[in-house]
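Asks: sequence unknown, structure follows:
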Ligand code: ARG
């Protein structure tokens with residue numbers, strides 16, 4: 001039975017019903033009951049419902065909550081959505097008193113509340129999951145010791161940096177991702193309960209009392225905005241999507257690193273998959289699917305914004321679609337975080353040494369130290385690179401004499417500068433790719449990550 005049959009002369013057709021019912025909201029069952037418990041208590045406090053009725057409804061809702069938590073809630077095909085299902089079930093338990101639960105409330109403020117309660121909890125869980133992955137990266141950085149790798153710009157070797165520095169770059173992005181979820185709580189943890197269908201009520205509702213019971217620090221200011229807005233959901237979804245994009249960049253590197261051509265890492269067998277046809281294959285499917293699901297996340301974010309962008313105020317049924325976009329991405333993010341944390345923890349690193357030209361900037365900076373303007377120093381080192389290429393010389397074998405033959409401003413001892421390990425050892429700018437910087441970052445990250 002629907003909640004709204006009074007003015008209708010016939011039941012919805014099967015096609016209309018199947019098309020409009022919501023099933024994606026079933027995961028809101030627990031928060032829906034928690035919201036109803038706060039609502040009914042606030043109604044009692046305001047003297048809108050008799051204490052006896054409140055007690056009856058509360059006892060019934062407690063049972064529904066227990067059913068929700070144990071997974072034994074009896075869903076029925078005739079439930080239009082989670083809210084209808086709870087009211088139907090409450091009626092089965094307490095009888096007529098269940099009819100008073102919806103006093104001063106609409107499914108419009110109810111679903112908005114459910115979503116905000118759900119996202120409040122989910123934001124905390126996601127932030128924790130992100131920090132757990134960041135901690136794995138910090139552990140791996142700490143364990144990377146003196147290993148030096150090239151970093152890339154344009155996917156061409158640029159300079160040598162500690163492997164730890166590279167891993168920590170991803171950790172810093174994750175720290176911001178986690179913080180973003182918590183910042184968003186200022187706008188998510190706001191109660192819309194009491195907005196009713198969208199205009200409020202003639203009953204003496206106390207939205208602040210209901211919000212207080214739910215532990216939500218904010219209360220709506222405008223009832224139309226309360227039931228019609230989904231920007232808090234979109235912000236949450238963006239937090240997920242940005243995190244997925246950051247995980248995708250890490251995943252892309254893992255995929256690249258695991259190639260024979262790069263040869264930086266070996267994946268643990270338990271985090272890799274095989275080919276049904278090619279017996280030798282060991283594929284980085286976790287990383288690839290993180291990359292793939294990041295693409296889906298971007299689509300869902302665009303999808304949610306497309307749902308809201310043309311809607312007249314206040315509530316429109318289109319908004320029911322918000323949950324499909326949100327939950328799909330939130331689930332992918334939770335899965336990606338867990339799988340990537342394990343994968344990164346077990347990766348075996350064995351990167352080849354960076355090429356000698358990764359110290360080319362060092363050679364130019366040596367000249368700068370002698371008063372040569374940087375642009376001239378850059379050209380002088382460029383001339384060395386061109387000479388070596390033309391002569392077919394291995395840059396690792398370049399001597400002081402070779403350098404001086406190309407440009408007389410080079411001095412004895414300069415050839416030794418063309419060494420990636422020496423380049424890292426000489427680096428001193430704060431936050432740069434040096435071991436001192438890595439040590440500082442690890443200390444700072446450990447403090448931030450707890
Ligand atoms: N299932 C609906 C949703 O998810 C709940 C609100 C329905 N409100 C209404 N007036 N039909 O958005």
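Replies: Received, thanks. This is a predicted model, so every value here is computed, not measured.

Asks: The residue of the stretch 201-350 of the chain found nearest the ligand: neighbouring residues, count only.
Replies: Here the stretch 201-350 of the chain gets closest to the ligand at one residue, residue 320, 3.7 Å apart by CB to the nearest ligand atom. Any C-beta I mention is one placed from the backbone N, CA and C, and that applies to glycine too. Neighbourhood size, residue 320 [other CB atoms under 10 Å]: 17.

Asks: Enumerate every residue touching the residue nearest to it when sequence neighbours are not counted.
Replies: Excluding the flanking residues, the one nearest residue 320 by CB to CB, 6 or more residues apart in numbering is residue 22, at 5.4 Å. By CB atoms under 8 Å, 6 or more residues apart in numbering, residue 22 lies in contact with 80-82, 320, 323.

Asks: again, but for residue 100
Replies: 43, 49, 53, 57.

Asks: cool, residue 48 as well?
Replies: Listed by CB under 8 Å, 6+ apart, the contact set of residue 48 reads 103-104, 203-205.

Asks: Specify the local secondary structure of it.
Replies: When classified by DSSP: H, G, I helix; E, B strand; the rest coil, residue 48 comes out as coil.

Asks: okay but residue 423 is in contact with residue 157, surely?
Replies: No: counting by CB atoms under 8 Å, residue 423 does not reach residue 157; the two are 11.9 Å apart.

Asks: More neighbours: which of the two?
Replies: Between residue 423 and residue 157, residue 423 has the larger neighbour count (other CB under 10 Å), namely 25 against 18.

Asks: what pLDDT does the more buried one get?
Replies: At residue 423, the pLDDT value in this model is 97.

Asks: cool, and residue 3?
Replies: You'll see residue 3 listed with a pLDDT of 88.

Asks: That one: how many residues sit nearby?
Replies: By other CB under 10 Å, the residues close to residue 3 number 13.

Asks: again, but for residue 334
Replies: By other CB under 10 Å, 15 other residues sit near residue 334.

Asks: Need the nearest residue in space to residue 73, chain neighbours excluded.
Replies: The shortest distance from residue 73 to any non-neighbouring residue, by CB to CB, 6+ apart, is to residue 67 (4.2 Å).

Asks: For the stretch 151-300 of the chain, which residue gets nearest to the ligand?
Replies: Per CB to the nearest ligand atom, residue 197 is where the stretch 151-300 of the chain lies closest to the ligand, at 7.2 Å.

Asks: Please identify which helix or strand holds that residue.
Replies: Secondary structure here is read from DSSP states H and E; on that basis residue 197 sits in neither a helix nor a strand.

Asks: give me every residue that touches residue 417.
Replies: Listed by CB under 8 Å, 6+ apart, the contact partners of residue 417 are 359, 362-363, 366, 423, 426.

Asks: Now go through those residues and say which are in helices.
Replies: Those of those mapping onto helices are 362-363, 366, 423, 426, per DSSP state H.

Asks: Show me what the helix of greatest length in the chain is packed against.
Replies: Longest helix in the chain by number of residues (criterion: DSSP H): helix 107-143. Here helix 107-143 touches helix 29-45, helix 82-94, helix 163-188, strand 190-191, helix 223-228, helix 231-257, helix 322-346, helix 435-449, going by 3 or more CB pairs under 8 Å, 6 or more residues apart in numbering; DSSP states H and E.

Asks: Please dump those into CSV; it should also carry mean pLDDT and distance to the ligand for every row.
Replies: Output for the helices and strands packed on helix 107-143, formatted as CSV (pLDDT from 0 to 100; distance: least, CB to the nearest ligand atom, whole Å):
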stretch, mean pLDDT, distance to the ligand
helix 29-45, 98, 10
helix 82-94, 98, 6
helix 163-188, 98, 17
strand 190-191, 98, 16
helix 223-228, 98, 9
helix 231-257, 98, 11
helix 322-346, 98, 6
helix 435-449, 98, 36
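
Asks: Show me what the host helix or strand of residue 63 is packed up against.
Replies: Here residue 63 is covered by helix 51-70, with elements defined by DSSP H and E. Helices and strands touching helix 51-70, by 3+ CB pairs under 8 Å, 6+ apart, are helix 29-45, helix 82-94.

Asks: pLDDT (mean, whole number) over it?
Replies: The average pLDDT within helix 51-70 is 98.

Asks: same deal with stretch 273-289?
Replies: For stretch 273-289, mean pLDDT rounds to 96.

Asks: Buried residues of that stretch, list them for me.
Replies: Residues of stretch 273-289 classed as buried: 284-289 (neighbour count, 16 or more other CB atoms under 10 Å).

Asks: closest to residue 33 among those residues?
Replies: Residue 33 has its nearest neighbour among the buried residues of stretch 273-289 in residue 289, at 34.4 Å by CB to CB.

Asks: What's the separation between that closest one and residue 283?
Replies: 11 Å (CB to CB, to the nearest Å).

Asks: can you list the residues that contact stretch 253-272?
Replies: 149, 282-288, 291, 339, 342-344, 346-352.

Asks: now the end-to-end length of that stretch.
Replies: One end of stretch 253-272 to the other measures 15 Å (CA to CA, to the nearest Å).

Asks: Kindly report the same for stretch 67-81.
Replies: End-to-end distance for stretch 67-81: 17 Å, by CA to CA.

Asks: could you measure residue 138 against residue 439, distance?
Replies: Distance, residue 138 to residue 439, by CB to CB: 12 Å.

Asks: Who has more neighbours out of the two?
Replies: More neighbours surround residue 138 than the other of residue 138 and residue 439, with 24 against 14 (other CB under 10 Å).

Asks: Nearest residue to that one in space, please, no chain neighbours.
Replies: Distance criterion CB to CB, 6+ apart; nearest residue to residue 138, sequence neighbours excluded, is residue 445 at 5.0 Å.

Asks: hey, where'd the strands end up in the stretch 251-400 of the chain?
Replies: Using DSSP state E, counting those that start in this stretch, the strands of the stretch 251-400 of the chain run over residues 265-266, 348-349.

Asks: List the neighbouring strands of the last one plus their orientation.
Replies: Yep, that's strand 348-349 we're talking about. Partners of strand 348-349 in the sheet, by DSSP bridges, are strand 265-266 (antiparallel).

Asks: related to what we said a few turns ago, drop anything exposed from the contacts of residue 48.
Replies: By neighbour count, with 16+ other CB under 10 Å, the contacts of residue 48 hold 103-104, 203, 205 as buried.

Asks: sorry, back to before: wait, does the longest helix of the chain make contact with the ligand?
Replies: Yes: judged by CB under 6 Å from any ligand atom, helix 107-143 and the ligand are in contact via 107-108, 111.

Asks: now the angle between helix 29-45 and that helix, please.
Replies: Put simply, helix 107-143 runs at 130 degrees to helix 29-45, going by axes from the mean of the first three to the mean of the last three CA atoms, to 10 degrees.

Asks: Lovely, talk soon.
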